[in-house]
Structures are given as structure tokens and as C-alpha cells.
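Chemist: Please find the sequence and the predicted model below.
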Amino acid sequence: MRLTIVGCSGSYPGPESAASSYLLEEEHEGRTWRILLDLGNGALGQLHRYADPLDIDAVLLSHLHADHCLDLCGYYVMRKYHPTGAQPRIPVWGPAGTAERMARAYDLPLDPGMTEEFDFLDYGSLGPSVAVEVGPFRVEPREVVHPVPAYALRVTAGGRTLVYSGDTGPCPALDEAATGADLLLAEASFRDADDNPPELHLTGSDCGRAATKASVGRLVLTHIPPWHDEADARAEARTEWAGQLDLARAGATYEI
């Protein structure tokens, strides 16, 4: 499974990166399957650098804040009006209300909204141990703590596992989702020294603590806001985590 960091800036696009979006690719049954985890503002344009956006098989949204979903608006336009013709619908998984949220974001009538371009599916419709299956990818959503419904995503393909925290405060659900992952892609939006509101984001040390509890293979810190020094997040993570540690960079790739 190949991970490409399409965008990793926290809360809004920064000078070096679009907001959150992560491309996963895996060979299966004679072709390359591609899914996106999130499609935040600024990410669609950058996606062109790494894959043809028309070749994406599914989009999985961690939650419905703009820095994780808003470029679905541009993607709707691309799939609807592309000169090669209207594209087939692809699945878009997300929290309940995703279809309505995206229709409002583009000022569309709720019916049909974007439903002729995307097959909107709700994580809440899954049973407690049912996963999303897209080609070789098995994606297990785990609800985490955030001011809006939000999910960590545990993705397995080819016998390897990546866990994406989405946006979350520290919680047992994240620890459970991350257990034994080969790579934990964890947001580090907050700093320990600040007076942070609860149940909103992780600090670098929170990420390191989660990685240690879960015995992951590698920790990659992402979603660091442009107003913070990313070196702080790395230093905090090192107080709790002794293993492989990276800061996410737009365009970076990982073979998992």
C-alpha cells in the first residue's frame, strides 16, 4: 500500500501545503486502486500532481469541517462537467448528513445536490464490526471525540495497516483503532504549553503516547497549523515515542 501526502496543513491551507488529503494506492486484480482519505480545501489542485483525479475509486471523509471536505465541491464540478463527459458515480463515505452538507457548500438544491456524481454513504449505517470494502482496501471507521461527528480510519490492504486519526482529542477509540498499525498518521494541532480546549485536537505528546500504547511501526505527524512551529510537535512526540517519527510533507510517499 502506497501513501502519498496530498495535503497536510492544519485547519486551513498553508504556504507549503493544502489542507488534509491523503492518497492510498494498491495493485489489485490487474490495476491500481486509489482512494482518498479527506479532500480538504486546496487539495484537489495538488492531487493532479500525483494521480488523475478521475481515477479515484472512492473518497472517505473523516468529518465535515472545511479543511477535510470542502474540495469535494470542485471535484463535483470536475466529474459533472469534464469534457470527456459526465463521470460514473463513485462512493463518498462520511458521517451522517454528508450529502446535505456538500449540497449547501455549493449552494445546490438538496435534491439532487451532488448525488448524481457521488454515491453518499454513512458510516453510521455500518454495524459495529462492519468495514467499508473498496477493491483491496478494507476501511474500519472508529468514532472519535471532536465537536462534530468524526472518525479515525483504519485502512488495511495487502496485509498492511495504516491508521489515520482524522481530527480528535485523546480517546480510547483512537488507541483501539491504532493498535498494531504499521503507520499511524496522527494530527498534532495543539501544543502542550498552551491552554487547549478538551476533546478537540492532539498535541505531539498525545500522538507519541497513542503510538506507544498501540505499538505502531511508524508515527507520522500531520495537520500542524501554519501558526505553529512543527519542530515543537516533533519534540513533544519524542517525549512519549522512541520509534520512527516523521513530519508529514506535501508530496511525501510511504510504502506501507
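Modeler: Noted; the coordinates are in hand.
Chemist: Could you export whatever helix or strand Leu153 lives in as CSV, keeping only the C-alpha atoms?
Modeler: Assigned by DSSP states H and E, Leu153 falls within strand 150-157. Provided in CSV are the C-alpha atoms of strand 150-157 (Å, rounded to 0.1, in the frame of the first residue of the first chain):
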residue,chain,number,x,y,z
ALA,A,150,-15.6,12.5,13.4
TYR,A,151,-13.9,9.2,12.6
ALA,A,152,-10.5,7.7,12.7
LEU,A,153,-10.0,5.4,9.7
ARG,A,154,-8.1,2.1,9.9
VAL,A,155,-7.1,1.0,6.4
THR,A,156,-5.8,-2.5,5.6
ALA,A,157,-4.6,-3.7,2.2
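Chemist: C-terminal to it, what's the next element?
Modeler: strand 160-164.
Chemist: Packing partners of that next one?
Modeler: If you count contacts as 3 or more CB pairs under 8 Å, 6 or more residues apart in numbering; DSSP states H and E, strand 160-164 packs onto strand 150-157, strand 183-187. From N, CA and C alone the C-beta is placed, and that goes for glycine too.
Chemist: Which stretches in the stretch 1-150 of the chain count as strands?
Modeler: 2-7, 21-28, 31-37, 58-60, 90-94, 118-122, 132-134, 137-144, 150-157 (DSSP state E, counting those that start in this stretch).
Chemist: Out of these, which is closest to Gly45?
Modeler: Taking CB to CB, strand 2-7 is the member of the strands of the stretch 1-150 of the chain nearest to Gly45, at 9.5 Å.
Chemist: What angle do strand 183-187 and the closest one make with each other?
Modeler: 10 degrees (axes from the mean of the first three to the mean of the last three CA atoms, to 10 degrees).
Chemist: What's the mean pLDDT across strand 2-7?
Modeler: Per-residue pLDDT over strand 2-7 has a mean of 98.
Chemist: Pairing partners for it, with directions?
Modeler: Its sheet considered, strand 2-7 pairs with strand 21-28 (antiparallel), strand 253-255 (antiparallel) by DSSP bridges.
Chemist: among these, which is the most enclosed?
Modeler: strand 21-28 (a mean of 22; mean count of other CB atoms under 10 Å).
Chemist: what sits up against that one?
Modeler: 1-7, 32-40, 43, 46-47, 50-51, 71, 135-137, 155, 157-158, 162, 164, 185 (CB atoms under 8 Å, 6 or more residues apart in numbering).
Chemist: among the residues you listed, which ones are buried?
Modeler: 1-7, 33-40, 43, 46-47, 50-51, 71, 135-137, 155, 157, 162, 164, 185 (16 or more other CB atoms under 10 Å).
Chemist: just how off-centre is the strand holding Leu153 within its chain?
Modeler: Averaging C-alpha coordinates over strand 150-157 and over its chain gives two centres that are 8 Å apart (CA atoms, centre = their mean, to the nearest Å).
Chemist: sorry, back to before: can you list the helices and strands packed on strand 160-164 in TSV and add mean pLDDT?
Modeler: Listed next are the helices and strands packed on strand 160-164 as TSV, based on pLDDT from 0 to 100:
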stretch	mean pLDDT
strand 150-157	98
strand 183-187	98
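Chemist: just these: most buried one?
Modeler: strand 183-187 (a mean of 29).
Chemist: What strands flank it, and is each parallel or antiparallel?
Modeler: Partners of strand 183-187 in its sheet, by DSSP bridges: strand 160-164 (parallel), strand 218-222 (parallel).
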